[in-house]
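Chemist: below: sequence and its predicted model.
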Amino acid sequence: MMTTLTPDIAFKKEIEHISGSSLSTCMQCGVCSVVCNLSPDEQPFPRKEMVYAGWGMREKLIGNPDVWMCHQCGDCSTSCPRGVNPADVLAATREASYRHYATPAFMGRLLSRPALLPLAILLPVLIIAAIIWMAGTLSIPDGAVNYSLFFPHAWLNASFTGLTLLSYGVAAIGITRFWKDLNRFSYESAGAKTGFFASFWKVKNEILAHSRFGRCERNNSRKISHFLVFYGFILLLLVTLYAIYAAVTDKYPLSLDNPFKILGNVSSVMLFAGLGMMIFNRLTKREGTERSSYADWLFLAAMFLLTLSGVLVQAARFLDWQSAYHLYFFHLVCVWFVIIYLPFTKFGHLVYRTVALTYAFSVNRK
């Protein structure tokens, strides 16, 4: 039986542009699949994905769970005899994927094109300013620094919670489409399927332990950096939730010796350390370190500025800096970039990879 291929040349060029790889250079030797410690024995990746990319077979890559099983260790890239960098090609495919599933679609474009960065910044600036204006506090308060006089806690918590839920709720439409597309891929030796929640429980354990990162050989320090950023962010999120509770119960602001304030500062140190390692590895372009795209740098910059501005906002309050409220506004914009924009940036990997791995576990694709 003959199969007619209809190459999507624009898609192929997009992957080449993001990855910096020449897909036509790949000679399909299969070394990439052999050296990958994460690739299953049956229908291994990334060789077949390199075929799909080289032929511009978009439908074989978008929604492909194997694209998300790759953790971009770089083992395959450092062993590639033609220097095609399969790890970067799969990373580029993942970037194209979350742009494809972005709902609404313009959000995917807004956060993937450098030319649109000013608009991506202007949007939260205008909305946050409008909310503060509606609260009637759009001015610099006199006296000791008190952020609630600038942005009342009730307005802050209600607006940011509502906007976050709206962003995630709309993005869930794209995640649903992604799950539907995952089911297009079947594996002959997969065996009986496992339930969604049982599969998710196993995936959850792998994610918490970062066990797959530990199987990388050439660039295994990525496990440490990802571990620090992952848990630093989670702990900081818990501190934020407590801060909201404290604001509602009139227990805010927190003193420096408050356990949650201490936990927040420890989380900041973890984030600085993890992000510092990631940035250093990318700037020095160590062997096996992945290529850095605009999406990579946007995420790293947003996370770093969020952490830095949070520390400065804290210092500004205790030291009564005149610039405190300007720093606070900047911090809120950073919060928007990391939290509200999450489904549409590289941070969305947290969701898409979890969903893809859950599907892979459900069909015994290990």
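Modeler: Received the coordinates, thanks.
Chemist: now the phi/psi pair for Gln72, please.
Modeler: Gln72 adopts backbone torsions of phi 50, psi 50, taken as degrees, to the nearest 10.
Chemist: check contacts around it.
Modeler: With contact set as C-beta atoms under 8 Å, 6 or more residues apart in numbering, Gln72 has these partners: Ala87, Asp88, Leu90, Ala91, Glu290. Backbone N, C-alpha and C define where each C-beta goes, glycine included.
Chemist: helix or strand for the first one, which one?
Modeler: If I follow you right, that is Ala87. helix 86-100 (DSSP states H and E).
Chemist: how far does that helix sit from the chain's center?
Modeler: 12 Å (C-alpha atoms, centre = their mean, to the nearest Å).
Chemist: turn the contacts of Gln72 into JSON lines, including distance to Leu5.
Modeler: Rendered in JSON lines, the data for those read as follows (distance: C-beta to C-beta, whole Å):
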{"residue": "Ala87", "distance to Leu5": "25"}
{"residue": "Asp88", "distance to Leu5": "24"}
{"residue": "Leu90", "distance to Leu5": "20"}
{"residue": "Ala91", "distance to Leu5": "24"}
{"residue": "Glu290", "distance to Leu5": "29"}
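Chemist: now those in JSON lines, with neighbour count, pLDDT and distance to Thr4?
Modeler: Listed next are these as JSON lines, based on neighbours: other C-beta atoms under 10 Å; pLDDT from 0 to 100; distance: C-beta to C-beta, whole Å:
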{"residue": "Ala87", "neighbour count": "29", "pLDDT": "92", "distance to Thr4": "31"}
{"residue": "Asp88", "neighbour count": "22", "pLDDT": "93", "distance to Thr4": "29"}
{"residue": "Leu90", "neighbour count": "30", "pLDDT": "95", "distance to Thr4": "26"}
{"residue": "Ala91", "neighbour count": "26", "pLDDT": "94", "distance to Thr4": "29"}
{"residue": "Glu290", "neighbour count": "21", "pLDDT": "64", "distance to Thr4": "35"}
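Chemist: could you name the helices and strands sitting against the helix holding Ala87?
Modeler: helix 9-19, helix 47-54, helix 58-61, helix 65-69, helix 75-79, helix 105-110, helix 349-362 (3 or more C-beta pairs under 8 Å, 6 or more residues apart in numbering; DSSP states H and E).
Chemist: where among these is the average confidence lowest?
Modeler: The stretch with the lowest mean pLDDT among the helices and strands packed on helix 86-100 is helix 75-79, at a mean of 89.
Chemist: report all helices and strands that it contacts.
Modeler: Applying 3+ C-beta pairs under 8 Å, 6+ apart, one finds that helix 75-79 contacts helix 31-35, helix 86-100.
Chemist: the lengthiest helix in the chain: how far from the chain's middle?
Modeler: Ranked by residue count, the top helix of the chain under DSSP state H comes out as helix 153-182. Its chain's average C-alpha position is 15 Å from that of helix 153-182, according to C-alpha atoms, centre = their mean.
Chemist: likewise for stretch 46-63?
Modeler: Computed by C-alpha atoms, centre = their mean, the chain-centroid distance of stretch 46-63 equals 22 Å.
Chemist: what of stretch 94-111?
Modeler: With C-alpha atoms, centre = their mean, you get 13 Å for stretch 94-111.
Chemist: please apply the same query to stretch 305-316.
Modeler: Put simply, stretch 305-316 sits 21 Å off its chain's centre (C-alpha atoms, centre = their mean).
Chemist: send me the next helix-or-strand element following the longest helix of the chain as PDB with only the CA atoms.
Modeler: Downstream of helix 153-182, the first helix or strand assigned by DSSP H and E is helix 196-209. Extracted C-alpha coordinates of helix 196-209, given in PDB (Å, rounded to 0.1, in the frame of the first residue of the first chain):
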ATOM      1  CA  PHE A 196      -6.300   8.100  34.100                       C
ATOM      2  CA  PHE A 197      -6.000   8.700  37.800                       C
ATOM      3  CA  ALA A 198      -3.900   5.600  38.400                       C
ATOM      4  CA  SER A 199      -1.600   6.800  35.600                       C
ATOM      5  CA  PHE A 200      -1.500  10.400  37.000                       C
ATOM      6  CA  TRP A 201      -0.500   9.100  40.400                       C
ATOM      7  CA  LYS A 202       2.500   7.300  38.900                       C
ATOM      8  CA  VAL A 203       3.500  10.400  36.900                       C
ATOM      9  CA  LYS A 204       3.100  12.600  39.900                       C
ATOM     10  CA  ASN A 205       5.700  10.500  41.800                       C
ATOM     11  CA  GLU A 206       8.100  10.800  38.800                       C
ATOM     12  CA  ILE A 207       7.700  14.500  38.600                       C
ATOM     13  CA  LEU A 208       8.200  15.100  42.300                       C
ATOM     14  CA  ALA A 209      11.300  13.000  42.300                       C
END
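Chemist: list the buried residues of helix 196-209.
Modeler: Neighbour-count burial for helix 196-209 flags Ser199, Phe200, Val203, Ile207 (criterion: 16 or more other C-beta atoms under 10 Å).
Chemist: what helices or strands is that helix leaning on?
Modeler: For helix 196-209, the packing partners by 3+ C-beta pairs under 8 Å, 6+ apart come out as helix 349-362.
Chemist: list the contacts for Asn15?
Modeler: One thing to correct before we go on: residue 15 is Ile, not Asn. Neighbours of Ile15 in contact, by C-beta under 8 Å, 6+ apart: Ser21, Leu23, Ala53, Val89, Ala92, Thr93, Ala96.
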